[in-house]
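Asker: what would the 3D arrangement of this be:
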Amino acid sequence: MQQHTISGSEFASFQRFIFDIAGITMSDSKKALVSGRLAKRLQHYGLPTYDAYFRLLSDGTHPEEVQQAVDLLTTNETYFFREARHFDLLRQAAESARPSLRAGSPFRVWSAACSSGEEPYSMAMVLADVLGDAPWEITASDISTRVLQRARTGHYPMERASHLPHAYLRRYCLKGIREQQGTLLVERALRQRVRFRQVNLNTDLPGDLGSYDAIFLRNVMIYFNGDTKRQVVARVVARLKPGGHFIIGHSESLQDINDSLHSVMPSVYRKPG
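Answerer: Sure thing, here's the model as predicted:
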């Protein structure tokens, strides 16, 4: 395979590319990552330089390749029940809501940057356990079609389940045998409760998203600059029901980002109402 070297100006083009589309601010330390992830696309098209590939993305005739590039340049790292305290809070919120749930007013949760699906499936296990047959819904979205495709399968390496409660592993997952040994499959009934869809948080949100009792937007803002954080959070919080919970990553804060929510504990906020 031909080795391509990315220049500083070429890297800057892709920094602008992913910022303009996804609002992601990519640091200079990501130069090797960009070079490595896009090298196969240059090879695929027989292109001599990263600049030539950038021109192909910019000519308006390859929307599917633009999505491919976005998929390759967005980082996705997650596992089941990451930051477990957040799922304890989700359990408490669902238990509190259960007496008022009825057809037409389900308990709704949005995993707004769901990556490869471990977060929304963790949510689904909690809600299935707490709410059972009471009405509940989960929306799971991401900008990357690649990770959404993987998420819909519900098939994961077993090491992603190191924080998954054993009772949930037994109840909601199938353990792989023979050629599938070392993997797990989320059971079909649970997979069918999660609605996966592509959503770009850096643009106007789809009108049919509806509103939610809890929204997880975790470990996303670290990729945005201040202005983008404020815009994204404002869009997402607008879909939170009064009294609903907004959950971000433990390394993140809404300080100087949004003052419309009340802090419940570090990384957890609640909408007045």
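Asker: ok, which stretches of this protein are strands?
Answerer: 107-111, 136-142, 155-157, 173-175, 183-186, 194-198, 212-217, 240-248, 262-265, 268-270 (DSSP state E).
Asker: now the third one: buried residues?
Answerer: The reference is to strand 155-157. Across strand 155-157, burial judged by 16 or more other Cβ atoms under 10 Å covers 155, 156. The way it works is simple: take the backbone N, C-alpha and C, and place the C-beta from them, glycine included.
Asker: in its sheet, what does it sit against?
Answerer: Strands adjacent to strand 155-157 in the sheet, as given by DSSP bridges, are strand 183-186 (antiparallel).
Asker: list the contacts of the closest residue to residue 105 other than its chain neighbours.
Answerer: Nearest residue to residue 105, sequence neighbours excluded (Cβ to Cβ, 6 or more residues apart in numbering): residue 135, at 7.3 Å. The contact partners of residue 135, by Cβ atoms under 8 Å, 6 or more residues apart in numbering, come to 101, 102, 103, 104, 105, 106, 107.
Asker: so how far is residue 87 from the fourth one?
Answerer: Between residue 104 and residue 87 the computed distance is 26 Å (Cβ to Cβ, to the nearest Å).
Asker: counting neighbours, go ahead and name the busier of those two.
Answerer: Neighbour count, other Cβ atoms under 10 Å: between residue 104 and residue 87, residue 87 has more, with 21 against 6.
Asker: let me know the pLDDT of that one.
Answerer: Predicted confidence (pLDDT) for residue 87: 97.
Asker: isn't it right up against residue 124?
Answerer: No. With contact defined as Cβ atoms under 8 Å, residue 87 does not reach residue 124; the gap is 10.9 Å.
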